[in-house]
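S.K.: fold the following and give me the result.
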Amino acid sequence: MKSERLPRAVNENLIIRELDDETLVYDLGRDKAHCLNHTAGLVWKMCDGERTAEEAARLLQRQFDVKIDADLVWLAVKQLQRYHLVEGQKKLASVSRRSIVLKYAPMALAVPAIISITAPTAFAAASCLPPGAPCSPSGTPCCSPNSCFGSFPTCQLG
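M.R.: Residues are numbered from 1 along each chain as shown. Below you'll find the model as predicted:
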């Protein structure tokens, strides 16, 4: 498995923002937002369908100046696969996050991590108006237990 090629990264239907130590990815098709730490982001960028896990590990090793092996790369790929950020659904060999964390304890920030949330739909995000908000001519109701009151109607307890 170590000399196997990494899958190809998915880049379509995504909004990608690279920050200093993380990569933010919004999946438009799934309404999911993902935050990839530095390691997961680097592995994702290396997923070109050509590079092997060993090659990626060597590049990470140069980046972090710490011994890194292919298991760390495969852990990142497994996480990327779970969030549909790489192509294919090939079953990957089990890589224990616990063993990787213990192995890289002195360099804990090198362990790949992805935090993911489901973004609300536009309808759910605007399903009611908060207290103090001007009443909506479009008919969006005030959040319970508030109602529209006043000469310039705002959502408030009535």
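
S.K.: next secondary structure element downstream of the least confident helix or strand in the chain by mean pLDDT?
M.R.: Lowest mean confidence among the helices and strands of the chain (mean pLDDT, DSSP states H and E): helix 122-125, at a mean of 54. The helix or strand immediately downstream of helix 122-125 is strand 147-149, counting by DSSP states H and E.

S.K.: same for that following strand, what does it pack against?
M.R.: If you count contacts as 3 or more C-beta pairs under 8 Å, 6 or more residues apart in numbering; DSSP states H and E, strand 147-149 packs onto strand 154-156. All C-beta atoms are positioned from the backbone trio N, CA, C, and that covers glycine.

S.K.: what's the neighbour count on I15?
M.R.: 10 (other C-beta atoms under 10 Å).

S.K.: check contacts around it.
M.R.: 25-26, 28 (C-beta atoms under 8 Å, 6 or more residues apart in numbering).

S.K.: is it fair to say it lies in a helix?
M.R.: No. Under DSSP: H, G, I helix; E, B strand; the rest coil, I15 sits outside any helix and is assigned strand.

S.K.: where does the prediction get shaky in the chain?
M.R.: Within the chain, the stretches with pLDDT under 70 are 1-2, 89-111, 119-127, 136-139, 158.

S.K.: redo that, cut-off 90
M.R.: Segments of the chain classed as low confidence (criterion: pLDDT under 90) are 1-4, 20-21, 31, 64-69, 71-72, 75, 88-158.

S.K.: hmm, L42 and Q63 touching each other?
M.R.: Yes. The pair Q63 / L42 is scored as a contact, 6.5 Å apart, by C-beta atoms under 8 Å.

S.K.: neighbour-wise, which of the two wins?
M.R.: Remark: of Q63 and L42, L42 carries more neighbours, 20 against 13, as counted by other C-beta under 10 Å.

S.K.: how about that one, secondary structure?
M.R.: Strictly by three-state DSSP, L42 counts as helix.

S.K.: the chain should start at 73 in everything you say after this.
M.R.: In the new numbering, first residue 73, that becomes L114.

S.K.: list the contacts for it?
M.R.: 131-132, 135.

S.K.: 10 Å instead, please
M.R.: 95, 108, 128, 131-132, 135-136, 145, 148, 182, 184 (C-beta atoms under 10 Å, 6 or more residues apart in numbering).
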